[in-house]
Each structure stands twice: as C-alpha cells, then as structure tokens.
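> Take a look and give me a structure for this.
(3 chains)
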Amino acid sequence: MKQLMSHRWMLSVAVVAVALALPHLFKSPYYIHLMTLALIWVVLAQGQNLTQGFVGYVSIAQAGFMGIGAYISTLLTMKLGVSVWAMLVIAPLLTGVMAIVAGYPSLRVKGHYFSIVTLAYNMVIFIVLMTFSALTGGEAGIPDVPRPSELTIGGHVFSFEGRSNLNFYALALSAAVLATTCCAFVLHSRVGRVMLAIRQNEDLAEAMGVVTSRYKLFAFVMSSILAGLAGSLYAHYIGFLNPEPFGVDQSLNIILAVILGGSGTLSGPIVGAVSVTFLPELLRFADSFRLITYGLILVVATIFLPKGLVPLMATLWRRLRASQPMVAEHKPTSKA
Amino acid sequence: MNELLQQILNGLAIGSVYTLVALGLTVVFGILGIAHFAHGSLAMFGGYLTFVFSTSMGLSFFASIALAMPVGAVMGMLIERLAYRPVRDAPHINAFIIALGLTMMLEGGNLLLFGADQVIIQTPYQQVFDFGGIFVAQLRLVVIVTAVSLVAAVTWLLLKTKTGKSVRAVAQNRHAAVLMGVNVNFVSSVVFAISSALGVAAGALIGALLALAPGVGESFAVKGFAVLILGGLGSLPGAILGGLVLGVSESLAAGFLSSAYKDVISFLIMILVLLVMPQGLMGKK
Amino acid sequence: MKLKTPLTWAALALSAALMPVAHAADEVLVIGVNDALTGGGAVYGLPQANAVQMAADEINAAGGIKAGAINYKLKVITSDDKANPTEATNSVRKLIDRDNVKYLLGFCCSGSTSAVASFIAKEDAVMLVGNAAERAITAQGIPNVFRTRPPADFTGAAAGTFVAQKGARNVAVIGALEVGFYTQYVDAFEKELNKAGGKIIAKEAFGLRDRDMTPQLTKIRGLKPDAILVVGYVEPAAFVYRQAVELGLNVPRYGFTSGSEEQFLKVVTSAQMEGVWDLRPTELTVEALGPQAKAYDANYRKKFNQSPTPSSPYAYDQVYVLKNAIERAGSANDAKKVADAVRTLPIPKEAVMKYIANDGNAMFDQNGQAYTSNGAFQWQKGKWVFVSELPSDNKAYSQFLRSIRK
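I've put the predicted structure just below:
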C-alpha cells in the first residue's frame, strides 16, 4: 500500500510538472486559452465527482452553482470594490452556503428523484439569472469583469492581464491541484470511506447507524464550493459574464466528463475535463454530430465502461505488467 | 371573472399536452422503473416526422400522426432493446444517465435531420369561437379532444386487454409475473411502444399548437417529470390530473403574477411537492 | 520508384501551364464572419453570413480590393457563435489566433457581440457589427468597433412619436423585456408617448423560447388598451400576433421585430397579420430603398433560393465599408490604419441600406455608429409595405450616445 502511495505521489508531481511546462511547449495563445479553460473544468469535474462518484448521487446542478459563484464574485468585485483575490476565496464559500440551503431539503429524496430536483434547481437558477436583469444584466450580460490585480513577489511583478496569460494559467493550475488534493484527502479519509459505502448500498449504511444525510450534505456542499471556485475563476478570466454557460446543457457536459474519465477516481475527472474541453476542437464537426457523439459516448460508456476510462486504463496497465515476469513484486495477487 | 375563465381555458390546452407527455413517462417509470428523460426529444422527433408527412406527402394532420405513431413505437422499442435493457439490472442511476445520453443523441439527430429553425405544423383548424367574451381557438379544442382520446385509449388498453394485464402484473411484482409465465422482455417492448406512440402524438400536437425547435423537447420532458411528481409517480390518474393542474397553474401564474417567471412556477411546484409531499397528489408510496 | 518520375514531370508541366492564369500580384485577404449560424439567433445571423459571402463574391468578380500596390481577393471564413457569449469569445479567438484574421464582420446578436467588444480593443483587428442592437456596444467608444445598424432606442423614440400621432393613448407593451436593447427601445418609446399625453398601461414579458403568450395577452386584454406594442425576436413575436387574434384582441398592433414575410407566414396566416405595423430602421423593403436594394434582393434570391431578411444588408454593407476603407488606407495589414479610414469614410455607393450622413459627410459618427433612417412598415395583403418615414434626429442621438460614455 505504501509503495502504491509513493508511486502515486511521484506520478502526480510529474503530471503537475508537465502541466506547468505545456504552455512553453505549445506557445499558441489559443491553446493556452483552451488549457486554462480545461483546468477550470478540472475544478468543476472534481466537485461533481464528489457527489456523483463518491456518494453516487448524480447532481444536474453543478453548472448552476458555477453560475452562482461567477455572479457573486463579479457583482461583489464590480459593485462593492472587493478585490478579486478575496473573492476567489469568498465566492466559493458563499456558493457553499447557498448549497446548504438548497441541499438540506433535497437530499431527503433519493436516486433519480434527487437528480430531477437538482435539474429543476439548475433551471430555476438559469431563469433567475436571465430574468433578474437589473442585477445580473440578463442575457446581455456584464462586460469588463476585472482580472485579479497584479502581485509583486520579491521584486517581480506578476500581471494577470491579457489573453492567454501564463500567470493566470498558473493560477488555474493551482486551483486544479488544490481541488484534486482536497478530493484526495476526502477520499482517503474516514469520511470518504463512508461516502463510498453509501454509494454501494445506502440502506445498508443507514442500517449500520450512519447518518447518511450528513455525509451527503457534506459532499453536496463541498462540490458546490468547488463549482463556485470554478465560476469565480471563469468570470474573472473571460472578462464577460452572462448566464449562457450555466445552463442544464453544461451540467450534462460535466456529468459526461466525470463518467468518461471515471467516476470515483481522482484522475478520472482530470481526464474527463480535458477531454471534454478539447474534444470539440479535435472533432471540428457541425453541432449536430457533436451532440450525437457525446450522447453515444455517454450511452456506450455507461453500458460497457461504467467505471470510466481511467479505471479501464488502470486495469489494462495492470494486465500489461502482469504479463511481464521480471516485474515480480507487482503481480496482482490479492485486491489492492 | 371573464379573464379568470379565459386563463383557465388557455391553460387546459397546454395542460392536456403535459398530460400526454406525462402519460408516456409514467408508463415507463411506473412499470419499468426507468426515468426515461429522452422522451421529450423522442416526442420532438415524432412531431418533426408528422410535419414531414403532412408537407411532403400531403397527408392530413391526423393521417400524418397516425402514420408517425407506429414509427415512433418502433423507435421506442429499439431504444429499449439497445440502450436500456443492458442496464436493466444495474443501479437505477445508470438508466438515467443513459436517458441523458439518449437525449443528446436524439437532439443531435433532430438537428441533423430537420435543421435548427422552428417548425410549425399547419392545420386546417383556424377558427376562433367567441363564447360571450371568452375566446376559444378551434385548434386548442382539437388538441384537448385528441389528448383525451389517446389517454382513454391507453387506459382501456391497460385495463381491459390481456396484454394490459401482463403489463400491470409486471408493474406490481416483476418476479411473480415471471413465475406466472409473463414474458418480461415482451412487456418492456410493449410499454416502450405505447410510451413512444403517445410521445409522437404529443410532439405533433406541440408542433401544431406551438413550435418544434431544438431544446423544446427537453423542457417538455422536465415539465413531464414535474407532472409525474405532482400527480404521483406511476399513477395514471395522477398524470392526468397533474398535467391539467400544471397547465392551468402556469397560465394563472403568468396571467396574475408575473409572466417573466412563468417557467419557474413549474419547477418550484416540483421542488415543493418533492420535499413536502413526495408521493404526489394521487400516488401510492 | 520508376513511376514517380513521369508523374513529377507531368505535375511540373501542368503547373507551368497554369502559371500565366494566376495573377502573380493577387493576394488573399481572409476576413472572418462571426455570427449565430445555428440556434435562436440564426434567423438574424445566417442571412448576414450569406450576405457577406455574396458581397465578397461580387467584389472578387469585379477585380478585388486594391490596397496600394497589392490586389487582394477576399476569402470569407464563417464561425458560429450560436448567439452565445462564451462561444463568441472562443470563436473570435480562433479567428484571430488560429486563422490570422484582422477583419471581423457579422455580429447579429447583442449578448455575444458585447462579449467580443469587451476584449477587442486590445486586439489588432477591426470589428464591424451588424444586427446587434444593444446600445452599449458603440456607447463605449471603442476605437476599432463600428456598427452599421442603429441602436434600438434611436428607433424607439421615433416609433413613440408615430404611435402617439396615430391616436393611441393607452398602449400595452409585450416584449422580450429581459433583453437590454428591447427595454431601451420601449423606454425611448415611452418617453415620446408621454410627451404626447399617452401612457404605457402594461409591460408583459416573454422569452426567446416562449411560444404560448396567451396568459400575457389575456391579461392585457383585460386592461382594455387602445394599441399593443410587440418588441422581440421574430419567432415568438409571430405567435403573439397570432394569439392576439385568437383571443379577440382587436386593437392596432405595432411591433419592432424585423422579420421577413416568410418567417412570419410559417406561424401566422396573412389574414391574421393584416394591418400589423413594424416600426424599425428602414431596412430592406424593396419599395423603401433604391435600385441597389432591388439588385441585392434579386441577387440574394438567386444565390440562396430564399428572400433576404430585412436586416441582412447590414452585413452586406460592412464588406463594402471594409473594401473602401482598405483602399483609402492603402493597406490591408495595418488594422489601426484601416480603422482610422473607416472613421472618416463617406457612405459607400454600393451600400444597400439608406444611411444618414454624420458630420463631415462621414458614415460613422464619433462613436463608430452609423444611422439608417427609420420607417413605418405595414403588413398589407401578405407583404410588408413601406408607408412612411419616421422622422429621427441622428445628430441629437449621436450627442446623447457620446454623453453616456463612461
């Protein structure tokens, strides 16, 4: 087990190092822009994974909470002059508070009832954002959302202005790492084990005396905090905010990302988020094909790969190593 | 008073469409336990198909629907066989995710086949009747009558025929039904055939009364679930009552409160019912 | 290996033979159209994209654009922003970063256009906006943004005066009021209506996706208005007109929708539309404009097999603005120089819309805004008929627009 852990640590550090190096390899501003967006998506997907992957409750409201985080962050910085750096911390927390209000009653229902309620939440959020234009600017949106102010560290000035800014990329990367680390802590803690138990069989867990509602709420709130962080980053990056990106379609994309990558794993959401961001670029088809492809992937993945790509690759990797007799100590004898 | 009656009447037409959509959803959910979210997009497909039949083949409105319904039924059976049956014994949530995937596929397919512009099915029912200040469009009456007839037909099918008995047996207790010799696969196919045929009809009515366009199917599916929840999941009379109640409530809310938040009403109703009275108006727990 | 040699020779010979045909001095100027090609905005965006293509083809056939010593042929790349601000940002980024486009045309829809306008000042580009009616787009005074279509409230004020003159004193408004520019139209309308002693008795809203407005119309009917004003996208507005008849609401119907006959007849019968007014910029209606417009209409029909929409010429004119500006600037590589040329450009003779000149005979004012005259159109026996011009003061409006710049 310890070997596995240190193995994973080395792999994680390597991944982060590669991610840091990427913008220097692919200098195109457009790819840096896409990668920044992909990293924001990683934060979102890790959040979704907490409820969908760990606890097993599919929420269709993640995009809605992202929107709440984005608007809270934007309105407080633009109307009350709060600094963007402060809002990157405050907005997620406030989103979490809203999630408590929304989550507390709705977690009393189970399975697809829960999913349907979250779908309704997302639709309500979207309609309110669109209609309450006195505050939100409605469909026309809010232009000129500010970037984080520049930082001066040890004599060097780090500016976050401008398209495809490398410092912002680093900020997004830090957020993605933070999100993944938080989820890792949760997964490997007692709380995480309980959540997985709930996913396996909620009735059994309850019968064992677990107050499942507390754990479900915790997952729901944490996931929305991450959504709020993603929303705040998003708004202050794009510089223009309107309700369009926070509709139900986006929530469905997030669900797809988590399923594709592998729900319940830590690297799954990363793979999923990056895939979903870059897939439209690789498959530069007309909209109709893209929808059909996404839908087909979702259906096929759920039927044949219910655990997602990452566990599939992990299995293949293990099988590959097992077939090499030299690597004696990695023989899969008992379950890991 | 006049205004109130007018609003209620307006709401009944749209309510009957909600009922039809909800009926298609409730047979699948009540009998097979599947939250078939893709139903809305399938209904749209049926509507578009009706449009194609009536324009390119010159068929009358009802002839087009009659032709489209069996096509829809076959599609429904294919969807059941290929997409839902493989996950029949997996956790329920998998079926829901498949439903979401199917929704995307159907929306994409509709976009590809029928384009992005809104499509309206022309009908010869253009008259307007004036009952002392309350105006009723002939088309709205046609919609209500059609929906009622289809609901009656399905109810008869489920209560009075042998097939209907098998279906109800599966709904009550799948294992017992198998022991009694009921072919569960056959029942699954029949249920989806009925549901999809109803969906096609609903889509055609929406296409005549309102318009078919990308995204419309999804919003009807959500409203359909709202009706299910309001009326009680798996309850036929609940779907009927719930649909009409939702339609009229929306109309009254938009007319007397705020039109801007019209859609929010249905979602709020759904959330409230789920939290306060999860079995719905007529559901059994 | 042996097979290759004869093929290579053949290829060389072929290219040698073709060489004299290609003009050695012709370069390709790639321009980008960013518009809603799918989705709810496509009713406005797709015709614009078509119009740009048509203009580009015409220009190429007539020899291209002469910028100094270099002759350019135009190549049009279209990009779909689905009237979605996030998509629009990505779409324009792609055009600028990946396709090296300096000249962006199209822009039918305000939400997505505003998103692009918020970062375009920092780019080496010129942005020519079409149908998007949100006032803030030019109110900000961004040096490389120009718009051929006048802001909604410029028309709203003129419409208010007109409706008041027609005798309406209690007007009920039903519209896409969550959209900024429609509200701006209504506010300007209301101001003029109030001046004449009238008032707005109701403001009901509908969304882009709504198709059943009977609740709102029933409510309006109960208030007994003497006219209704419908402001919104073509698709839901058509349903409003139809449902008004179905509810027995027999008062004059005024609108701000800019839909073509074809678009309306999909939803509502000609008989139901009879008498409906559209108070909008004097957009494409063949009687209202000159021979240029007739030619545009005929060519568009021939090329695309459907009639052009009333607002599509805004995009067509953009291409000729660009052509003339590049020729004036003598260069197509310096976006800033071209922008400066646009700023002082007189109205191109090829323009289809009827523009009102600003100070110094320039097409665009100090805000980068062009003004077309406003007109009252009425649906008569299946067609939009131009009835009269709506007097509008573009100089006063131009000052007003400058005054609200932050």
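
> Only C-alpha atoms from now on, for both contacts and neighbour counts.
OK.

> Test of understanding: give the bridge partners of residue C:128.
residue C:146 (DSSP bridges).

> In contact with it, which residues?
Residue C:128 makes contact with C:103-107, C:145-148, C:318 under the criterion Cα atoms under 8 Å, 6 or more residues apart in numbering or on different chains.

> next one: residue C:68
If a contact means Cα under 8 Å, 6+ apart, then residue C:68 has C:327, C:330-331 as its contacts.

> switch the cut-off to 7 Å
Residue C:68 makes contact with C:330-331, according to Cα atoms under 7 Å, 6 or more residues apart in numbering or on different chains.

> Around chain A, pick out the residues from chain C.
For chain C, the residues found near chain A under the criterion Cα under 7 Å from any Cα of the partner chain are C:84, C:86, C:93-94, C:97, C:110-111, C:115, C:118, C:178-180.

> By neighbour count, which of the residues you listed wins?
Neighbours here are counted as other Cα atoms under 10 Å in any protein chain shown. On that basis the top member of those is residue C:111, with 30 neighbours.

> which other helices and strands contact the helix or strand harbouring that residue?
Element membership for residue C:111, per DSSP states H and E: helix C:110-120. If contacts are counted by 3 or more Cα pairs under 7 Å, 6 or more residues apart in numbering or on different chains; DSSP states H and E, helix C:110-120 sits against helix C:85-93.

> The helix it packs on to helix C:110-120, inter-axis angle?
Taking axes from the mean of the first three to the mean of the last three Cα atoms, to 10 degrees, one finds helix C:85-93 and helix C:110-120 inclined to each other by 50 degrees.

> Only alpha carbons, please: show helix C:85-93 as CSV.
Extracted C-alpha coordinates of helix C:85-93, given in CSV (Å, rounded to 0.1, in the frame of the first residue of the first chain):
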residue,chain,number,x,y,z
PRO,C,85,-21.1,34.9,-25.4
THR,C,86,-18.7,32.2,-24.4
GLU,C,87,-18.9,30.6,-27.8
ALA,C,88,-18.4,34.0,-29.4
THR,C,89,-15.2,34.6,-27.3
ASN,C,90,-13.8,31.3,-28.4
SER,C,91,-14.9,31.8,-31.9
VAL,C,92,-13.3,35.2,-32.3
ARG,C,93,-10.1,34.0,-30.5
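
> strand partners of the helix or strand following that helix, parallel vs antiparallel please.
Along the chain past helix C:85-93, the next helix or strand (assigned with DSSP H and E) turns out to be strand C:103-106. Strand partners for strand C:103-106, identified by DSSP bridges, are recorded as strand C:26-35 (parallel), strand C:126-129 (parallel).

> What residues of the last one count as buried?
Right, strand C:126-129. If you call a residue buried by 16 or more other Cα atoms under 10 Å in any protein chain shown, then strand C:126-129 has these buried ones: C:126-129.

> What of the longest one?
For strand C:26-35, the buried set under the neighbour-count rule, 16+ other Cα under 10 Å, comprises C:29-35.

> Distance-wise, check the residue of the stretch 151-300 of chain C at minimum distance from chain A relative to residue B:250.
When scored by Cα to the nearest Cα, the stretch 151-300 of chain C has residue C:178 as its residue closest to chain A, at 5.5 Å. Distance, residue C:178 to residue B:250, by Cα to Cα, to the nearest Å: 19 Å.

> what's the answer for residue A:183, then?
Counting by Cα to Cα, the gap between residue A:183 and residue B:250 amounts to 42 Å.

> ok, residue 121 - contacts?
Because you didn't say which chain, this covers chain A. Each residue near residue A:121 by Cα under 7 Å, 6+ apart is listed here: residue A:61.

> Chain C is the one I meant
Residues near residue C:121 by Cα under 7 Å, 6+ apart: C:142, C:144.

> I'd guessed residue C:328 sits against residue C:341; true?
Yes. The pair formed by residue C:328 and residue C:341 meets the contact definition of Cα atoms under 7 Å, at 6.4 Å.

> So the residue of the stretch 151-300 of chain C closest to chain A belongs to a strand, correct?
No. With DSSP: H, G, I helix; E, B strand; the rest coil as the criterion, residue C:178 is assigned coil and is not in a strand.

> Go ahead and confirm it touches residue A:133.
Yes. Checked against Cα under 7 Å, the pair residue C:178 and residue A:133 is within contact range at 6.2 Å.

> now the helices for the stretch 251-400 of chain C?
C:261-265, C:270-273, C:291-304, C:313-329, C:335-344, C:394-403 (DSSP state H, counting those that start in this stretch).
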